[in-house]
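Undergrad: Got a sequence here, can you model it:
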Amino acid sequence: MNFGITRARYPYIAKMDDDDYYSPYYLMEAYQEMKRTKTHIIGKSSIYTYFQDDQLLCEYNKGFENIYLNSNHVLIGATLVVDKVVFEEIEFPQVNLGEDLGFQRLCKLSGLSLYSTSKYNYAYIRYNGNGHHTSDSSNHRLRRKCKIVTMTDNYKLFVDKEFN
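TA: Alright, predicted model coming up:
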């Protein structure tokens, strides 16, 4: 990730996972909230989680929307949006697991604020089945931490929200 950041031409870096859902409004919300809050690091702490095989939409980590996070809370790694100037002082740790948590810890130690935007415009997609990284047992543990929103085959109707 650090190498890619050095090659980026734009002033903001968004860390995104290829198998999650980012609505057409995701980046605009992130950009506008970054400007409004004057925060260098934003993301989402409360998120939607969609269990595809069960067509179940849930809310994970309810109650952490539109707030600055204290030292006990973090942003979901797949939702980080960072002003590139941060990387002049802080890099992602050189590890293969937990690099986003390590990065956030370093940012907090440096006095930078983390801001959690709304739960909208992103969904953590959970799959069962062969060939995918998600196991049924990890889905079961995650579901215990989620609040059910609805059963649906079109989670985007609930997740997408134009941001003004």
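
Undergrad: Please pull up the helix or strand immediately following the lowest-mean-pLDDT helix or strand in the chain.
TA: Between all helices and strands in the chain, the lowest mean by mean pLDDT, DSSP states H and E belongs to helix 136-143, at a mean of 79. If you walk from helix 136-143 toward the C-terminus, the next helix or strand you reach (DSSP states H and E) is strand 146-151.

Undergrad: OK, contacts around Pro93?
TA: With contact taken as CB atoms under 8 Å, 6 or more residues apart in numbering, Pro93 is in contact with Glu99, Gly102, Phe103, Leu106. Where you see a C-beta, it was placed from the backbone N, CA and C, and this is true even at glycine.

Undergrad: Tell me which residue lies nearest the centroid of this structure.
TA: Note on the chain: the residue nearest the mean C-alpha position is Thr79, at 2.4 Å, using CA atoms, centre = their mean.

Undergrad: mind listing what that residue touches?
TA: Taking CB under 8 Å, 6+ apart as the definition of contact, the neighbours of Thr79 are Lys15, Gly43, Lys44, Ile47, Tyr122.

Undergrad: Burial check on the third one, number of neighbours?
TA: A total of 28 residues lie near Lys44 under the criterion other CB atoms under 10 Å.

Undergrad: who touches Met34 in this structure?
TA: Neighbours of Met34 in contact, by CB under 8 Å, 6+ apart: Tyr12, His40, Ile42, Val81, Asp83, Tyr115.

Undergrad: so of the residues you listed, which ones are in helices?
TA: Cross-referencing the contacts of Met34 with the helices (criterion: DSSP state H) gives no overlap at all.

Undergrad: Just put those in TSV and tack on distance to Tyr26, neighbour count and pLDDT.
TA: Formatted as TSV, the entries for the contacts of Met34 read as follows, by distance: CB to CB, whole Å; neighbours: other CB atoms under 10 Å; pLDDT from 0 to 100:
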residue	distance to Tyr26	neighbour count	pLDDT
Tyr12	13	16	96
His40	18	19	95
Ile42	12	26	98
Val81	9	25	98
Asp83	17	17	97
Tyr115	15	22	98
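
Undergrad: Redo the residues you listed as a markdown table? Include distance to Ile148.
TA: Shown next, in a markdown table, are these (distance: CB to CB, whole Å):
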| residue | distance to Ile148 |
| --- | --- |
| Tyr12 | 34 |
| His40 | 35 |
| Ile42 | 27 |
| Val81 | 28 |
| Asp83 | 36 |
| Tyr115 | 27 |
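
Undergrad: In strands, which of these appear?
TA: Tyr12, Ile42, Val81, Asp83, Tyr115 (DSSP state E).
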